[in-house]
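*Asks:* just coords:
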């Protein structure tokens, strides 16, 4: 079993309230889950209205598949509208 974990920090343009932030984050979480079949959660900075920290996980039988999925998500986040990718971290866990 291989688990790929991606944590990203996003800066949200024009978010003047937590409600504005939640609108962007909720839409993004739903889209990433639907298009990439990953689990997505807001894992930090929930009370900061211009920053979102999201964690994503994918489970597979092969490291290259996990890496491919997470790279695809990063590429999508680099070109997103209404936010920009400030930082990210990938970790691949392999167990037997």
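*Replies:* Alright, I've got the coordinates. Computed from a predicted structure; not experimentally measured.
*Asks:* give me the mean pLDDT for the strand or helix carrying residue 89.
*Replies:* Following DSSP states H and E, one finds residue 89 within strand 83-94. Mean per-residue pLDDT for strand 83-94: 93.
*Asks:* go on, stretch 26-42?
*Replies:* In the prediction, stretch 26-42 has an average pLDDT of 93.
*Asks:* which of the residues in it are buried?
*Replies:* Using 16 or more other CB atoms under 10 Å as the burial criterion, the residues of stretch 26-42 that qualify are 28-29, 32, 38, 40, 42. C-betas here are computed from N, CA, C, even on glycine.
*Asks:* swap in stretch 5-23?
*Replies:* 5-8, 10, 12, 15, 20-22.
*Asks:* residue 40 pairs with what?
*Replies:* Residues in a beta bridge with residue 40, per DSSP bridges, are residue 56.
*Asks:* likewise for residue 12?
*Replies:* Beta bridges link residue 12 to residue 83, judged by DSSP bridges.
*Asks:* that one touches residue 48, doesn't it?
*Replies:* No. Assessed by CB atoms under 8 Å, residue 12 is found out of contact with residue 48, at 9.4 Å.
*Asks:* what helices and strands are in contact with the biggest helix by length in the chain?
*Replies:* Longest helix in the chain by number of residues (criterion: DSSP state H): helix 18-36. Applying 3 or more CB pairs under 8 Å, 6 or more residues apart in numbering; DSSP states H and E, one finds that helix 18-36 makes contact with strand 2-12, strand 39-44, strand 51-60, helix 63-78.
*Asks:* what does the last one rub up against?
*Replies:* Counting contacts by CB atoms under 8 Å, 6 or more residues apart in numbering, the residues outside helix 63-78 that touch it are 2-4, 6, 8, 10, 32, 35-38, 56, 58-60, 83, 85, 88, 90, 92, 94.
*Asks:* show me what contacts the most centrally placed residue in the chain?
*Replies:* For the chain, residue 54 is the residue whose C-alpha lies nearest the centre (CA atoms, centre = their mean; 4.7 Å). Listed by CB under 8 Å, 6+ apart, the contact partners of residue 54 are 7-8, 10, 25, 28-29, 40-43.
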